[in-house]
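Q: give me a 3D structure for the following:
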Amino acid sequence: MTDLSSSDLLIILDGVEKISLINRGEIFNFFFNRLRNTKEFREYVLENRKYPKINGIIISPIEISYNNPKVLYMILNGYILYDPQNLLQEKRKEIKENKIKIVNYKHDKLIDLGKVKKGEVIDL
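A: Presented below is the predicted three-dimensional model:
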């Protein structure tokens, strides 16, 4: 494993839109603890003498349509490891077709509503 300053892990689960953020954190801890038991994780810790910084975001398929800027950035620039229903691939295609406007701002990406043309309809 390479040393990364931090990584974000987006997990899509059915039905979590009704679960609090605190409980979602507990769900992420379950996944993180499973990751800690892998050979690659142990090798990373031995090599870098620290745990990797992994930020977890858990959302439902419904919440993908909310177009949260952080989630959009992850979908556009991240690696999709498992997407059997192609939810993330379809959203990535929608972003790339410029149906959602994204611009660089201070090394991050945000939806730039100021660049939307008059009368243009975008999904928020």
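Q: who touches Phe32 in this structure?
A: 54, 56 (CB atoms under 8 Å, 6 or more residues apart in numbering). C-betas here are computed from N, CA, C, even on glycine.
Q: tell me the spacing between it and Ile57.
A: 12 Å (CB to CB, to the nearest Å).
Q: buried ones in the helix or strand harbouring Asp8?
A: Element membership of Asp8, judged by DSSP states H and E, is strand 7-12. Within strand 7-12, the residues scored as buried using 16 or more other CB atoms under 10 Å are 9-10, 12.
Q: specify which member of those is nearest to Pro84.
A: Checking the buried residues of strand 7-12 against Pro84 by CB to CB gives Ile12 as the nearest, at 10.3 Å.
Q: related to what we said a few turns ago, what sits up against the strand holding Asp8?
A: Against strand 7-12 from outside (CB under 8 Å, 6+ apart): 27-28, 31, 52-61, 64, 70-71, 74-75, 78, 87-88.
Q: inside strands: which ones of these?
A: Assigned to strands by DSSP state E, the following of those qualify: 54-59.
Q: what residues are up against Asn68?
A: Ile59.
Q: start the count at 869, not 1, going forward
A: OK, 869 is where the count begins now, so the last one is Asn936.
Q: return the distance of it relative to Tyr912.
A: Asn936 is 28 Å from Tyr912, by CB to CB.
Q: how about Glu988?
A: 45 Å.
Q: quick one: which of those two has more around it?
A: Using other CB atoms under 10 Å, the more surrounded residue of Glu988 and Tyr912 is Tyr912, with 18 against 8.
Q: centre of the chain to the host helix or strand of the more buried one, how far?
A: Tyr912 is part of helix 907-916, with elements assigned from DSSP H and E. Here helix 907-916 is found 23 Å from its chain centre; the criterion is CA atoms, centre = their mean, to the nearest Å.
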